[in-house]
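K.L.:
task: produce atomic coordinates for the following.
(2 chains)
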Amino acid sequence: ETGVTQTPRHLVMGMTNKKSLKCEQHLGHNAMYWYKQSAKKPLELMFVYNFKEQTENNSVPSRFSPECPNSSHLFLHLHTLQPEDSALYLCASSQRTSGWDEQYFGPGTRLTVT
Amino acid sequence: SQELEQSPQSLIVQEGKNLTINCTSSKTLYGLYWYKQKYGEGLIFLMMLQKGGEEKSHEKITAKLDEKKQQSSLHITASQPSHAGIYLCGAVPIAGSYQLTFGKGTKLSVIP
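P.N.:
I've put the predicted structure just below:
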């Protein structure tokens, strides 16, 4: 398998549930990202990992908890979410955390919080 | 913070027609990415522009960055249904930064 994969593709969860989103990249990259895409809003960067170390947390609420066990895998753990957290969550990877290295995106997980 | 304005917000064209999408920044762009997104799916990299006046083409898509590096355009020649989707521009806010700022996107529909 090539590129960036994300599972699940769709997720419906209640506000009291705990779930996790998974991202895997097969490109040998060192940097991985989580983005949130809400309707009619620009894509928002949430977290950045470089060589498994978190280098950025863009004021994301603590109900979102990222985990990067190695350079190929990235998780987003979700708990006690709010309906406004419903969105498309995109994972991306790049060779380095440099604006000159293009980011490759996964297909996304469509999350609905009920 | 840097903001990117894309225009138009949506566009419907007849197959075979040419079209242009614009991306305007409130600040100087150090780099500008164009991505295409099928509805509800991930982003596909199209092109990246770094230098003022730079122009790149891939198949029937041409992207330009103006000399002042505050505006970019994406031009599609002889549009096809396969060009339909959402086009997003993303800016590198400062030299070397990885924190891309994105526009809201332009939704393109191509009618056969």
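K.L.:
CA atoms for contacts and neighbours, from now on please.
P.N.:
Noted.
K.L.:
direction included, what does the lowest-mean-pLDDT helix or strand in chain B pair against?
P.N.:
The least trusted helix or strand in chain B, going by mean pLDDT, DSSP states H and E, turns out to be strand B:101-102, with a mean of 90. Using DSSP bridges, the strands paired with strand B:101-102 are strand B:85-92 (antiparallel).
K.L.:
buried residues in the partner strand?
P.N.:
Across strand B:85-92, burial judged by 16 or more other C-alpha atoms under 10 Å in any protein chain shown covers B:85-92.
K.L.:
now pLDDT too, for these, in a markdown table please.
P.N.:
Shown next, in a markdown table, are these (pLDDT from 0 to 100):
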| residue | pLDDT |
| --- | --- |
| B:Gly85 | 96 |
| B:Ile86 | 95 |
| B:Tyr87 | 97 |
| B:Leu88 | 96 |
| B:Cys89 | 96 |
| B:Gly90 | 92 |
| B:Ala91 | 89 |
| B:Val92 | 80 |
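K.L.:
from those, which single one is nearest chain A?
P.N.:
Closest to chain A out of these is B:Val92 (5.8 Å), distances taken as C-alpha to the nearest C-alpha.
K.L.:
name the residues that touch the least confident helix or strand of chain B?
P.N.:
By C-alpha atoms under 8 Å, 6 or more residues apart in numbering or on different chains, the surrounding residues in contact with strand B:101-102 are A:42-44, B:2-4, B:88-93.
K.L.:
which is the next helix or strand following that strand?
P.N.:
strand B:106-111 (DSSP states H and E).
K.L.:
quick one: that next one to strand B:85-92, angle?
P.N.:
150 degrees (axes from the mean of the first three to the mean of the last three C-alpha atoms, to 10 degrees).
K.L.:
restricting the selection to alpha carbons, write strand B:106-111 to PDB.
P.N.:
Provided in PDB are the C-alpha atoms of strand B:106-111 (Å, rounded to 0.1, in the frame of the first residue of the first chain):
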ATOM      1  CA  THR B 106     -13.200  27.200  -4.900                       C
ATOM      2  CA  LYS B 107     -15.800  24.600  -5.800                       C
ATOM      3  CA  LEU B 108     -15.600  23.800  -9.500                       C
ATOM      4  CA  SER B 109     -18.300  21.900 -11.400                       C
ATOM      5  CA  VAL B 110     -17.900  21.000 -15.000                       C
ATOM      6  CA  ILE B 111     -21.000  20.200 -17.000                       C
END
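K.L.:
tell me which residues of that strand are tucked away?
P.N.:
In strand B:106-111, counting by 16+ other C-alpha under 10 Å, buried: B:106-110.
K.L.:
what parts of chain B come near chain A?
P.N.:
Taking C-alpha under 8 Å from any C-alpha of the partner chain as the contact definition, chain B meets chain A at B:31, B:40-45, B:48, B:92, B:95-105.
K.L.:
check contacts around the residue lying closest to B:Ile111 once chain neighbours are set aside.
P.N.:
The shortest distance from B:Ile111 to any non-neighbouring residue, by C-alpha to C-alpha, 6 or more residues apart in numbering or on different chains, is to B:Gln14 (4.8 Å). When contacts are counted by C-alpha under 8 Å, 6+ apart, B:Gln14 touches B:79, B:110-112.
K.L.:
let's see it at 10 Å
P.N.:
B:78-81, B:109-112 (C-alpha atoms under 10 Å, 6 or more residues apart in numbering or on different chains).
K.L.:
out of everything not next to it in sequence, what's closest to B:Ser72?
P.N.:
Counting by C-alpha to C-alpha, 6+ apart, the residue nearest B:Ser72 is B:Leu65, at 4.4 Å.
K.L.:
cool, thanks, signing off.
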